[in-house]
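[1] The amino acid sequence is not available; the structure is as follows:
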């Protein structure tokens, strides 16, 4: 092919084209510390019956640690939030998150914000997005997809999400703890992650939403509250149905108080759930004086 090109050029049959930038001119980004940046992306896969599924991956930029690998039929808005919080309980919050511009990760092009953007803003975590049509920005997690899929190709096709998740868990353990990584001088990701101090969020968390709202518990023993743009259903028990109450809200922290000052429910809202789980009961004591300071 090169010989043909030279002959055509010699006879003036090829118009000169500008050469591509040499690889040496590209600046390769790498975080300086673990938890400085996590990369996030989803990738398609199939079950044994050819049913399409998606795999959601979080990868630490510095150590290449596979922070999370979870499978879903379709990744929905609440799924990245849930997986992010689960991983953060184990590894700590990152200072920033980097993803592409998929609709489940950002609504910037639509003039709004998805659940993940709202939650990271609340926590003071920087959320960065790659340039459209430039997957190299998230190159590490894109490369991780390839490594993961080569592993899955060698396994028996998973018949269910649960079976695929077992394969992902097996791979994540092998990848993090036993597989030497060429980009890490033949160290394992977990060794690099554990050997360095961790970055932390540096942004100021968004100011908490302080408010007091009067409401009435419905006939099913529930009360509703809008949080992060979505209506949350909070059960307090049918023993309190049709009772007049006050909601004392401070960000995700909610207290439900009767008009005579009895605290009947206190909880921290789970942003991944529209229907909050039923919690325990708290001793009655007067908190209306505190409610007055919030109004």
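    In hand now; what should we look at? Since the structure is predicted, the reported quantities are computational estimates derived from the model, not experimental observations. Numbers count the residues shown, from 1 in each chain.
[2] make it CA atoms for all contacts and neighbour counts henceforth
    Will do.
[3] Which of the three states applies to residue 45?
    strand (DSSP: H, G, I helix; E, B strand; the rest coil).
[4] Tell me who's in contact with it.
    Residues counted as contacts of residue 45 (CA atoms under 8 Å, 6 or more residues apart in numbering) are 52-55.
[5] Scan those and report the most crowded one.
    residue 55 (22 neighbours; other CA atoms under 10 Å).
[6] show me where the stretch 151-295 of the chain has helices.
    Ranges of helices within the stretch 151-295 of the chain are 161-177, 189-195, 288-294, based on DSSP state H, counting those that start in this stretch.
[7] what about the chain, any weak spots by pLDDT?
    Within the chain, the segments meeting pLDDT under 70 span 1-2, 5, 14-29, 132-137, 208, 279-295.
[8] Tell me where it has strands.
    For the chain, the strands defined by DSSP state E cover 38-46, 52-60, 66-72, 96-99, 126-129, 210-216, 222-227, 230-235, 244-250, 253-258, 263-268.
[9] Could you export the ones you listed as a markdown table, including distance to residue 144?
    Shown next, in a markdown table, are those (distance: least, CA to CA, whole Å):
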| stretch | distance to residue 144 |
| --- | --- |
| strand 38-46 | 10 |
| strand 52-60 | 8 |
| strand 66-72 | 8 |
| strand 96-99 | 14 |
| strand 126-129 | 18 |
| strand 210-216 | 42 |
| strand 222-227 | 35 |
| strand 230-235 | 33 |
| strand 244-250 | 39 |
| strand 253-258 | 37 |
| strand 263-268 | 35 |
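[10] Out of these, which is closest to residue 115?
    Closest approach to residue 115 among those (CA to CA): strand 230-235, 9.0 Å.
[11] Can you pull out the residues in contact with that closest one?
    Strand 230-235 is contacted from outside by 221-226, 273-278, using CA under 8 Å, 6+ apart.
[12] one more time with 6 Å
    With contacts defined as CA atoms under 6 Å, 6 or more residues apart in numbering, strand 230-235 is touched by 221-226, 274-276, 278.
[13] One more: stretch 122-133?
    Stretch 122-133 is contacted by residues 95-100, 137, 201, 203-206 when judged by CA under 6 Å, 6+ apart.
[14] Could you dump the contacts of residue 45 into JSON lines with distance to residue 157 added?
    Listed next are the contacts of residue 45 as JSON lines, based on distance: CA to CA, whole Å:
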{"residue": "52", "distance to residue 157": "12"}
{"residue": "53", "distance to residue 157": "13"}
{"residue": "54", "distance to residue 157": "15"}
{"residue": "55", "distance to residue 157": "15"}
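[15] Return the member of these nearest to residue 109.
    Within the contacts of residue 45, proximity to residue 109 (CA to CA) peaks at residue 54, which comes in at 23.0 Å.
[16] list the contacts for that closest one?
    Residues in contact with residue 54 (CA under 6 Å, 6+ apart) are 43-45, 71-74.
[17] again, only this time at 8 Å
    Under the criterion of CA under 8 Å, 6+ apart, the contact list for residue 54 reads 42-45, 71-75.
[18] among the residues you listed, which ones are buried?
    42, 45, 71-72, 75 (16 or more other CA atoms under 10 Å).
[19] thinking again about what came up before, among the contacts of strand 230-235, name the buried ones.
    Buried by 16+ other CA under 10 Å: 221-225, 274-276, out of these.
[20] Tell me which two of those sit farthest apart.
    Using CA to CA, the buried ones among the contacts of strand 230-235 reach their maximum pairwise distance at 221 and 274, which is 15.8 Å.
[21] returning to what we had before: type out the ChimeraX command that picks the buried ones from the contacts of stretch 122-133.
    Applying 16+ other CA under 10 Å to the contacts of stretch 122-133, the buried members can be selected in ChimeraX as follows:
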select :95,96,97,98,99,100,137,201
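[22] and which of the contacts of stretch 122-133 is nearest to residue 168?
    The closest of those, once distances to residue 168 are taken by CA to CA, is residue 99, at 20.6 Å.
[23] Quickly list what that closest one is bridged to.
    Under DSSP bridges, the beta-bridge partners of residue 99 are residue 40, residue 129.
[24] Roughly how far does it sit from residue 106?
    With distances taken as CA to CA, to the nearest Å, residue 99 is found 9 Å from residue 106.
[25] hmm, back to that, out of the buried ones among the contacts of strand 230-235, flag the one nearest to residue 112.
    Set against residue 112, the nearest of the buried ones among the contacts of strand 230-235 by CA to CA is residue 274 (19.5 Å).
[26] Next, work out how far apart the nearest residue to that closest one once chain neighbours are set aside and residue 75 are.
    Once flanking residues are discounted, residue 274 sits nearest to residue 232: 4.7 Å by CA to CA, 6 or more residues apart in numbering. Counting by CA to CA, the gap from residue 232 to residue 75 is 21 Å.
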